[in-house]
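S.K.: Give me coordinates for this.
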Amino acid sequence: MLAHVSESTYRVQVGSQEVDLPLASLNEKLTLALLITVDLGVSFMTTAGAELADVLRPFDVEVVATVATMGIPVALEVTKALGLDQYVVLHKTPKIHLGNAVSEPVRSITTAQDQRVLFDRERISMVAGKRVAIVDDVISTGASIGAALRLLRSVGAEVVAIGALVSEASLWRSSLGDDALSVRVLGSIPVFRPDGSAGLIEDWEG
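M.R.: Below you'll find the predicted structure:
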């Protein structure tokens, strides 16, 4: 199907809100619509966080977890909307307090090199034995969410749900396996391929 795009953006429905996402070429064969949470504004994220919290509420979530950095605004708003106080962050960049962190390898679609997801050992007590929802901005290949799942389960968390503002194409379904059944999103976007005539075609498979 031909992409419904302007020269540089793609419009997507995120819950009750619409937003125009900038298009960025990853390489000559792949273009992505970028949902950048830190650029969407406070009111957009407050509404999106409340709506995502509503679809996660039936899972009786006790703790919200996310992967830095674009997932942090999502985790903050979902945590507030669920009436919780604490959330936890898994990092991809080494920090001074993460020298003895629990870690799990990951490679993201938008990152050229292998990384590790890092979790502060001092925060393990926040998730061990708790019902945890992992939230993020976008679920794409499922690589980051998969690493977060493995890491959190390794320290005793019971991951009961996965939430995101949007899902991108569908590679994440096979990547996450049975865990894909617990994914809840507010919207969906494709990736884009060249159509051979200087335009773009929506690819919902990925």
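
S.K.: the strands in the chain, which residues?
M.R.: Using DSSP state E, the strands of the chain run over 9-14, 17-27, 30-33, 63-67, 87-90, 102-106, 115-119, 131-139, 158-168, 183-185, 188-189, 191-194, 200-203.

S.K.: Could you measure from residue 136 over to residue 145?
M.R.: Distance of residue 136 to residue 145, given as C-beta to C-beta, to the nearest Å: 6 Å. Where C-beta positions appear, they are placed from N, C-alpha and C, glycine not excepted.

S.K.: Of the two, give the one with the bigger neighbour count.
M.R.: For residue 136 versus residue 145, neighbours defined as other C-beta atoms under 10 Å are more numerous around residue 145 (27 against 24).

S.K.: Including distance to residue 41 and mean pLDDT, could the strands of the chain go into JSON lines?
M.R.: Putting the strands of the chain into JSON lines (distance: least, C-beta to C-beta, whole Å; pLDDT from 0 to 100) gives the following:
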{"stretch": "strand 9-14", "distance to residue 41": "12", "mean pLDDT": "95"}
{"stretch": "strand 17-27", "distance to residue 41": "10", "mean pLDDT": "94"}
{"stretch": "strand 30-33", "distance to residue 41": "18", "mean pLDDT": "95"}
{"stretch": "strand 63-67", "distance to residue 41": "19", "mean pLDDT": "97"}
{"stretch": "strand 87-90", "distance to residue 41": "20", "mean pLDDT": "98"}
{"stretch": "strand 102-106", "distance to residue 41": "29", "mean pLDDT": "91"}
{"stretch": "strand 115-119", "distance to residue 41": "28", "mean pLDDT": "92"}
{"stretch": "strand 131-139", "distance to residue 41": "14", "mean pLDDT": "98"}
{"stretch": "strand 158-168", "distance to residue 41": "13", "mean pLDDT": "98"}
{"stretch": "strand 183-185", "distance to residue 41": "20", "mean pLDDT": "98"}
{"stretch": "strand 188-189", "distance to residue 41": "19", "mean pLDDT": "98"}
{"stretch": "strand 191-194", "distance to residue 41": "25", "mean pLDDT": "93"}
{"stretch": "strand 200-203", "distance to residue 41": "26", "mean pLDDT": "92"}
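
S.K.: Mind pulling up the pLDDT for residue 130?
M.R.: On the pLDDT scale, residue 130 is placed at 98.

S.K.: Just list the residues touching it, thanks.
M.R.: 62, 63, 157, 158 (C-beta atoms under 8 Å, 6 or more residues apart in numbering).

S.K.: repeat that with 10 Å
M.R.: Shown in contact with residue 130 (C-beta atoms under 10 Å, 6 or more residues apart in numbering): 61, 62, 63, 65, 88, 152, 156, 157, 158, 159, 160.

S.K.: picking that back up, shared neighbours of residue 136 and residue 145, anything?
M.R.: 67, 71, 162, 164.

S.K.: right, and the third one touches residue 180 too?
M.R.: Yes. At 8.3 Å, residue 162 and residue 180 qualify as touching, with contact defined as C-beta atoms under 10 Å.

S.K.: So for those two, which residue has more residues nearby?
M.R.: Between residue 162 and residue 180, residue 162 has the larger neighbour count (other C-beta under 10 Å), namely 28 against 17.
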